[in-house]
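J.: fold the following.
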Amino acid sequence: MLRYIIRRLLIAIPVVLLVILATFVLVHAMPGGPFDAVGMKAMPEHIKIVLERRYGLDKPLYEQFARYVFNILKGDFGPMFRQPSQTVRDIIEQTFPISIQLGLTSIVVGFVLGIPIGIIAALNHNSLLDYIVTFTAVLFRSIPPIVMAPLLIYVFAVQLDWFPVAFWGAHPPFFLGFIPKLNGEYISHAFLPVFAMGTGMAAGIARLTRAGLLDVLSSDYIRTARAKGLRERTVIVVHALKNSLIPVVTVLGPLIAGLITGSFVIELMFAINGMGRRFVTSIGQREYFLQTSLVLLYGLILIGANLLVDVMYAWVDPRIRYD
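T.: Presented below is the predicted three-dimensional model:
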C-alpha cells in the first residue's frame, strides 16, 4: 500500500504541472488585462506600461510561467493587482478555512442524511416508504443550488426571518478554523447554505446506498448468512452495508474536492467570503495569479481526495490489493 501511495504521489507531479500550465495559458488568453478590465476606470497608457513591467507582465509567457512555478516552490503565490496591500497567499489564508467549514459541514449533513435514508429505502423495497424516499431523493437531486438557494433565502430569511440572509458566522484564522465551533452564530449563518448544498448530496448518496444495498442483499453470501440463523441486523450492518458503500466511496473523491473548495453559486448568493466567490470575482478583474493558484489548490485537493478513495476501496473490499 505504501509503495502504491508513493507511486501515485510521483505521478501527481506532472499532472499538477500540466494543470498549472493549462490554467496559466488560458487565463492569459482572456481578452483584456488586469489594468484594463471591465468596470475599471481608464488608465493612462504610460502608467499601464509601468504596472505591467512592475508585475512582470511584459515578459514572454514562458518566462512568466517559469517565474510563477519557481515562486510557488518558495511559498509565494503571487501578488494581487487590485489589492496591492495583499497577496494571493493572504486571500487563500482568509478564504480557505471558510470554504472548508462550509464544505465539511455539507458533507457531514449529506452522509448523515443520505446513508440512513438509502438503507431505509432498500430494506422497504417496493413499499410506499420506498417510493416516497425515492421520489424525494430524485426531487432534491434535480433542484440545482442556483434554484434552491433563492427559495431558501426567500422563505426562511425574508418571509419567516428565522436565519440571516447572508455572511458567515465564523472567521477563523488559518490552520485553526477547519473544525467549526458549533455555537448559535455559526449554526444560524450556516443552516441555509449547508442545507442548499447538503440536501442535493444527501439525495445522491441515498440513491447510491439504496441501489448498492439492494444489489448486495441478493448475493449468495447474504443468503448464506441468513441461513446460518444470524440476526437481520447483523446481516445488514456487518455483512451487507460495508460492501454496498463501494458506489458511495467512488463519488467521494470529486465530491470532497468540490465541496471543500467551495460552491461558486452558494458563496455568491449568501455573500460568503470563500474561495468560490473570490474565484468568480477574480475572472472579471483578471487576477491571473489568484485564478491560477485557486485552480492549483483545487487540483491538489482533487488528487488527494481520489487517493483517499483508492485507499478506502481496500478497506471496504478486502479483495482489492495494490501491492
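
J.: going forward, measure contacts and count neighbours with C-alpha atoms only.
T.: Will do.

J.: residue 167 reaches residue 268, doesn't it?
T.: No. With contact defined as Cα atoms under 8 Å, residue 167 does not reach residue 268; the gap is 9.9 Å.

J.: neighbour count winner among those two?
T.: residue 268 (19 against 16; other Cα atoms under 10 Å).

J.: surely the more buried one meets residue 281?
T.: No. Using Cα under 8 Å, residue 268 is not in contact with residue 281; the gap is 9.4 Å.

J.: what's the helix or strand for residue 7?
T.: Using DSSP states H and E, residue 7 sits within helix 2-29.

J.: what's the distance between residue 235 and residue 242?
T.: Distance of residue 235 to residue 242, computed by Cα to Cα, to the nearest Å: 11 Å.

J.: also residue 203?
T.: Applying Cα to Cα to residue 203 and residue 242 gives a distance of 19 Å.

J.: which one of these two has more residues nearby?
T.: residue 203 (28 against 16).

J.: ok, the more buried one touching residue 138?
T.: Yes. With contact defined as Cα under 8 Å, residue 203 reaches residue 138; the gap is 6.8 Å.

J.: pull out the buried residues from stretch 141-155.
T.: 141, 145, 148-150, 152-153 (16 or more other Cα atoms under 10 Å).

J.: likewise stretch 64-74?
T.: For stretch 64-74, a neighbour-count test (16+ other Cα under 10 Å) marks 64-65, 68-69 as buried.

J.: ok, these vs residue 215, which is closest?
T.: Nearest to residue 215 among those: residue 69, at 48.0 Å, using Cα to Cα.

J.: secondary structure element for that closest one, which one?
T.: helix 61-73.

J.: just the CA atoms of that helix, as PDB, please.
T.: C-alpha atoms of helix 61-73 as PDB (Å, rounded to 0.1, in the frame of the first residue of the first chain):
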ATOM      1  CA  LEU A  61       4.600  34.000 -21.400                       C
ATOM      2  CA  TYR A  62       7.100  31.100 -20.900                       C
ATOM      3  CA  GLU A  63       9.200  33.300 -18.700                       C
ATOM      4  CA  GLN A  64       6.200  34.400 -16.600                       C
ATOM      5  CA  PHE A  65       5.300  30.800 -16.200                       C
ATOM      6  CA  ALA A  66       8.700  29.700 -15.100                       C
ATOM      7  CA  ARG A  67       8.900  32.600 -12.600                       C
ATOM      8  CA  TYR A  68       5.400  31.700 -11.200                       C
ATOM      9  CA  VAL A  69       6.400  28.000 -10.700                       C
ATOM     10  CA  PHE A  70       9.700  29.000  -9.100                       C
ATOM     11  CA  ASN A  71       7.800  31.300  -6.700                       C
ATOM     12  CA  ILE A  72       5.300  28.600  -5.800                       C
ATOM     13  CA  LEU A  73       8.100  26.400  -4.700                       C
END
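
J.: what is it packed up against?
T.: Secondary-structure packing of helix 61-73 (3 or more Cα pairs under 8 Å, 6 or more residues apart in numbering; DSSP states H and E): helix 2-29.

J.: show me which residues of the helix it packs on are buried.
T.: Within helix 2-29, the residues scored as buried using 16+ other Cα under 10 Å are 12, 16, 19-21, 23-24, 27-28.

J.: other SSEs contacting the longest helix along the chain?
T.: Criterion DSSP state H: the longest helix present in the chain is helix 88-123. Counting contacts by 3+ Cα pairs under 8 Å, 6+ apart, helix 88-123 packs against helix 128-142, helix 184-217, helix 252-260, helix 275-285, helix 288-316.

J.: orientation of that helix relative to helix 275-285 in degrees?
T.: 130 degrees (axes from the mean of the first three to the mean of the last three Cα atoms, to 10 degrees).

J.: got any ranges where the stretch 1-150 of the chain has weak pLDDT?
T.: For the stretch 1-150 of the chain, the stretches flagged by pLDDT under 70 are 1, 37-42.

J.: what is the nearest of the buried residues of stretch 64-74 to residue 2?
T.: residue 69 (28.3 Å).

J.: who are the contact partners of that closest one?
T.: Under the criterion of Cα atoms under 8 Å, 6 or more residues apart in numbering, residue 69 has no neighbours.

J.: distance of residue 270 relative to residue 277?
T.: 10 Å.

J.: sorry, wrong one. I was asking about residue 217.
T.: Counting by Cα to Cα, the gap from residue 217 to residue 277 is 44 Å.

J.: the two: who's more crowded?
T.: residue 277 (22 against 19).

J.: residue contacts, the more buried one?
T.: By Cα under 8 Å, 6+ apart, the neighbours of residue 277 are 263-265, 267-268, 271.

J.: tell me which two in the residues you listed are the farthest apart.
T.: Every pair of the contacts of residue 277 checked by Cα to Cα; the farthest is 263 and 271, at 11.6 Å.

J.: who has more neighbours out of the two?
T.: More crowded of residue 263 and residue 271, by other Cα under 10 Å: residue 263, with 20 against 14.
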